[in-house]
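K.L.:
any chance you can model this:
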Amino acid sequence: MARQRRKHIYSRAPRGRERWASPLDRIMANSVRMFNNCLVWTGTTDKDGYPLIVIDGKRRRVCRYILELKLGHKILPEMLALHTCNHESCVEQDHLYEGTVTDNNRDTVKAGHHKTWGRKPNNQTLIPTLQQFLNRSTRDLKTGR
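P.N.:
Residues are numbered from 1 along each chain as shown. Model (predicted):
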């Protein structure tokens, strides 16, 4: 008679850390409550600053995962997890809602975060950013100008 393996109730955790019972426990362990009632993610983020977590070996955005738990169903790929607080690192479920790209653009303009792509509304060019300045400086150093 073959001995049956017992299924582990814990998810895998990095070496040297405690094991968590669920992804939700990991999310809470990597979040801090802020003054404006946001639950701010302190863990790994993607290139856009959105929180990331590995669930079943796949990287997922925490905001989408939390919203799916809140709604009780998967979010369609063309839909987004939008924030009422306008903080991309916030994972508070009460601050998240499902919306389209159009909704996101409308919220961005309303909050005043809309990019003008290097120009002010009256077509005056903006002062170069620090990164552009640094890129120009390093290029000048390489070419000797």
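
K.L.:
for residue 54, give me phi and psi.
P.N.:
Phi and psi for residue 54, reported as degrees, to the nearest 10, are phi -100, psi 120.

K.L.:
report the beta-bridge partner residues of it.
P.N.:
Counting by DSSP bridges, residue 54 forms beta bridges with residue 59.

K.L.:
what's the end-to-end length of stretch 75-92?
P.N.:
17 Å (C-alpha to C-alpha, to the nearest Å).

K.L.:
any buried residues in that stretch, and which?
P.N.:
Within stretch 75-92, the residues that qualify as buried are 80, 81, 82, 83, 85, 87, 89, 90, 91, 92, counting by 16 or more other C-beta atoms under 10 Å. C-betas here are computed from N, CA, C, even on glycine.

K.L.:
tell me the buried residues in the helix or strand harbouring residue 27?
P.N.:
In the assignment (DSSP states H and E), residue 27 maps to helix 23-29. Residues 23, 26, 27 are the ones in helix 23-29 that count as buried (16+ other C-beta under 10 Å).

K.L.:
nearest spatial neighbour of the first one, skipping sequence neighbours?
P.N.:
Looking back up the chat, that one is residue 23. residue 55 (5.0 Å; C-beta to C-beta, 6 or more residues apart in numbering).

K.L.:
so how far is residue 38 from the one you found?
P.N.:
22 Å (C-beta to C-beta, to the nearest Å).

K.L.:
ok, residue 79 to residue 112 distance?
P.N.:
24 Å.

K.L.:
my bad, residue 80
P.N.:
19 Å.

K.L.:
do a quick rundown of the helices in this structure.
P.N.:
Per DSSP state H, the chain has helices spanning 23-29, 62-71, 101-111, 130-143. These are given in chain order.

K.L.:
of those, which shows the lowest average pLDDT?
P.N.:
Among these, helix 130-143 carries the lowest mean pLDDT, at a mean of 56.

K.L.:
count of neighbours near the residue nearest to residue 79 when sequence neighbours are not counted?
P.N.:
Nearest non-adjacent residue to residue 79, counting by C-beta to C-beta, 6+ apart: residue 98, 5.3 Å away. By the criterion of other C-beta atoms under 10 Å, residue 98 has 17 neighbours.
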